[in-house]
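Sharing a model that was predicted from the sequence below.
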Amino acid sequence: MKKMQFLTAGLIAAMMVPAVAQAQTGELRRDRQEVREQKRDVRQAVRYGNRGDVREQRRDLRDARQEYREDRRDWKRDKRYANWRAPFKYHRFAAGNRLNSRYYTPAYRLNYDARWRVPRAGAGLSYVRHYNDLLLVNVRSGAVVRVYRGFF
């Protein structure tokens, strides 16, 4: 009986981690939408309102931008993306370089995350983190397809 409860608790915890990550992504998406709506409101106030309306709408826009910055900062502080160091020295890779297989072992491959705003990796490709760079690597040949410098 104890074993079953332990397994159930483990499954629930495993299912909750992606939900938390998705909640953060959804929050950032809503914040960006709020900023767009506030910009629209400022344009309308400038076009049709008086000075008081414009001032109020600009204040609302400033607050929406601040909220977005705070949420983005919290997302970047997420422990899964902090203090990443590989057991080898930093090398500045470029598209076309070939990687040694130890650079793209499964331990360094990352699952796609929509928050990154990069295209999904296709078949035979995988995203690999190398210090603060994000590399799109062909896992069959080790060829670097694309480099996103200073991504993390």
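Everything's here; your move.

and the closest residue to F151 other than its chain neighbours, how many neighbours?
Among residues not flanking F151 along the chain, L134 sits closest, at 4.0 Å (CB to CB, 6 or more residues apart in numbering). All C-beta atoms are positioned from the backbone trio N, CA, C, and that covers glycine. L134: 18 surrounding residues under other CB atoms under 10 Å.

and if you look at N97?
N97: 15 neighbours (other CB under 10 Å).

Show me what the residue nearest to it when sequence neighbours are not counted bridges to in the sheet.
In space, and not counting its chain neighbours, N97 is closest to V144: 4.7 Å by CB to CB, 6+ apart. Residues in a beta bridge with V144, per DSSP bridges, are V137.

Tell me the confidence at V144?
At V144, the model reports a pLDDT of 91.

now do E70
For E70, the model assigns a pLDDT of 90.

Please, where are all the strands along the protein?
109-110, 125-130, 133-138, 144-148 (DSSP state E).

quick one: which of those strands is nearest F93?
Closest to F93 of these, according to CB to CB: strand 144-148, at 5.1 Å.

residues in contact with stretch 144-152?
For stretch 144-152, contacts defined as CB atoms under 8 Å, 6 or more residues apart in numbering pick out 81, 84, 93-99, 116, 118, 125, 129, 132-138.

thinking again about what came up before, quick one, which of the strands of the chain is nearest to R62?
Using CB to CB, those put strand 144-148 closest to R62, at 30.3 Å.

now the contacts of stretch 144-152: which count as buried?
The neighbour count (16 or more other CB atoms under 10 Å) marks Y81, F93, L99, L125, R129, D133, L134, L135, L136, V137, N138 as buried among these.

Good, we can wrap up now.
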